[in-house]
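> Got a predicted model here, sequence first, then my questions.
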Amino acid sequence: MEKKTQQIPAGTSWLGQNWLLLLTGFLVGAAALVLNLLGNPGNMGFCIACFERDIAGALGLHSAAPVQYFRPEIVGIVLGSLLMALARKEFRGKGGSAPALRFGLGALVMIGALVFLGCPLRMVIRIGGGDLNAVVGLVGFIAGILVGLVFLKKGFNLGRAYRQSPLEGLAFPGALLLMFLLCVTGLCGLFRSSEAGPGSLRAPWYAAILAGLLVGALAQRSRFCMVGGVRDAVMFKEFGLISAFGTVIVTVLLGNLLLRKFTGFSFEGQPVAHSDGLWNFLGMSVVGWGSVLLGGCPLRQLVLAGEGNSDSAVTVLGMIFGAALSHNFKLASSGDGSTPNGHMAVIIALVILLAVSLVMSFARGKEGKK
């Protein structure tokens, strides 16, 4: 996971260095609150894992009727990143870095997220909403990241990406845009759509796409990534990225207080959540560990796909496949709790992550000695 650096004038204050990250965190939290008010499920104004799961259902990849809807937020994030990358001349087609491994790791990350019931972004939104189960998930997420960082220091690397044509970089954003246009022009009958459950709770499509565009553009500009935030704090003692996620929590918490939607911190009665502490911890450990190996959290993968990175596009497709597996084989949790199949899947995922980490660290170490 390469650290992006920017030239900062000498003498610039911490706030001067990190204002864009803090602004991004504030606007992400605000967008989540607005989308909740407009119809999205509780504590789920933005959840990359949940929205990709709904898209998998809309495409008929799983048959869980309550979670099927072609979420415009995902399309907006990718297109917002694309537009910002084009404006800043940062769009580049590239890929070819272990695509099969990335697809598989993406699936594992999604399985872990759906055992927890949320991605890292929804995790901090849930904390701002008073869900203490998400605090348990946060501890597991950080633990997974720390394990992944150990292997990064030992030389783990999925290999270099190669320059590709702009058309290759535009393929994934273009496919998402085409499906979105088919949906909003009255051809939604092509896709499945929930009539009850979380998939039926949705903000108007135009609000969802606008929020996604805003988040995608700002996330591209600021390099917003929770995995990167923990990495920077641990490896470089830099706290700008992680402060941005603290800003999301504070924004959501204050917003819920102002809207009189905050009912206090608790483990019980939280929307689309469960209180199986061990599996909240281990599910998010899989997400943290897998995201380190992939080079970014689920939101970051969407942003990179918008920048033309076909490896990240393959990772997102792997996550959608993982969502289909989760619901077809009863791996995903529900408000009633996690499942025995989900427990087994998390343990298998941890074993696979360990094997991949060891093998790829050893392989890269041997290459370095040649």
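Thanks, I have it. Numbering: from 1, shown residues only.
> Quick check: buried residues in the host helix or strand of residue 23?
Following DSSP states H and E, one finds residue 23 within helix 14-37. Within helix 14-37, the residues scored as buried using 16 or more other CB atoms under 10 Å are 18, 20-22, 24-36. Every C-beta, even on glycine, is put in place using the N, C-alpha and C of the backbone.
> Next, the buried residues of the top helix by length along the chain.
In the chain, with assignment by DSSP state H, the single longest helix is helix 340-369. Burial within helix 340-369, assessed by neighbour count using 16+ other CB under 10 Å, is assigned to 342-343, 345-346, 349-350, 352-353, 356-357, 360-361, 364.
> Name the nearest of those residues relative to residue 44.
Using CB to CB, residue 342 is the member of the buried residues of helix 340-369 that lies nearest residue 44, at 19.2 Å.
> My read is that that closest one contacts residue 279, right?
Yes: using CB atoms under 8 Å, residue 342 is in contact with residue 279, at 6.8 Å.
> joint contacts of those two?
115, 333 (CB atoms under 8 Å, 6 or more residues apart in numbering).
> was I right about residue 30 contacting residue 256?
No: using CB under 8 Å, residue 30 is not in contact with residue 256, being 11.8 Å away.
> all strands of this protein, in order?
94-95, 162-163 (DSSP state E).
> could you give the mean pLDDT of stretch 185-204?
The pLDDT scores in stretch 185-204 average 85.
> Sort out which residues of it are buried, please.
Buried residues in stretch 185-204, counting neighbours by 16+ other CB under 10 Å, are found at 191, 192, 193, 194, 197, 198, 199, 200, 201, 202, 203.
> Then stretch 78-87?
Neighbour counts using 16+ other CB under 10 Å place 78, 79, 80, 81, 82, 83, 84, 85 of stretch 78-87 among the buried residues.
> could you pull out the helices for the stretch 151-300 of the chain?
All helices of the stretch 151-300 of the chain, identified by DSSP state H, counting those that start in this stretch, fall at 166-182, 205-222, 226-231, 240-258, 277-294, 298-306.
> Compute the inter-axis angle for the longest one and helix 14-37.
Between the direction of helix 240-258 and that of helix 14-37, the angle (axes from the mean of the first three to the mean of the last three CA atoms, to 10 degrees) works out to 40 degrees.
> quick one: helix 240-258 to chain centroid distance?
In terms of CA atoms, centre = their mean, to the nearest Å, the centre of helix 240-258 is found 17 Å from the chain centre.
> Who are the packing partners of that helix?
Helix 240-258 sits against helix 14-37, helix 120-128, helix 226-231, with contacts defined as 3 or more CB pairs under 8 Å, 6 or more residues apart in numbering; DSSP states H and E.
> Check the fifth one too.
Contact here means 3+ CB pairs under 8 Å, 6+ apart; on that basis helix 277-294 packs against helix 99-116, helix 120-128, helix 133-153, helix 226-231, helix 298-306, helix 340-369.
> Just the CA coordinates for the second one, please, in PDB.
This points to helix 120-128. The C-alpha coordinates for helix 120-128 follow below in PDB (Å, rounded to 0.1, in the frame of the first residue of the first chain):
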ATOM      1  CA  PRO A 120     -15.800   0.600   7.500                       C
ATOM      2  CA  LEU A 121     -17.800   3.700   6.500                       C
ATOM      3  CA  ARG A 122     -21.100   2.300   7.900                       C
ATOM      4  CA  MET A 123     -19.200   1.200  11.000                       C
ATOM      5  CA  VAL A 124     -18.300   4.800  11.900                       C
ATOM      6  CA  ILE A 125     -21.800   6.000  10.900                       C
ATOM      7  CA  ARG A 126     -23.200   3.400  13.200                       C
ATOM      8  CA  ILE A 127     -21.000   4.600  16.000                       C
ATOM      9  CA  GLY A 128     -22.300   8.200  15.500                       C
END
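> about what we covered before: pick the most buried one from the strands of the chain.
Neighbour counts (mean count of other CB atoms under 10 Å) averaged over each of the strands of the chain peak at strand 94-95, with a mean of 20.
> Can you give the contact residues for it?
Contact partners of strand 94-95, identified using CB under 8 Å, 6+ apart, comprise 161, 162, 163, 164, 168, 169, 308, 309, 310, 311, 313, 314.
> closest to residue 275 out of the helices and strands packed on helix 277-294?
When the helices and strands packed on helix 277-294 are compared by CB to CB, helix 133-153 sits nearest residue 275, at 5.4 Å.
> Pull out the buried positions in the closest one.
Buried residues in helix 133-153, counted by 16+ other CB under 10 Å: 133-138, 140-149, 151-152.
> How far does stretch 124-135 sit from its chain's centre?
16 Å.
> quick check: mean pLDDT across that stretch?
Average pLDDT, stretch 124-135: 95.
> same thing with stretch 323-338?
So the average pLDDT for stretch 323-338 ends up being 95.
> Excluding chain neighbours, what is closest to the residue nearest the centre of the chain?
In the chain, the centroid-proximal residue (CA atoms, centre = their mean) is residue 298; its distance is 2.5 Å. Distance criterion CB to CB, 6 or more residues apart in numbering; nearest residue to residue 298, sequence neighbours excluded, is residue 48 at 4.0 Å.
> Would you mind confirming that that neighbour makes contact with residue 114?
No: taking contacts as CB under 8 Å, residue 48 lies outside contact range of residue 114: 11.5 Å.
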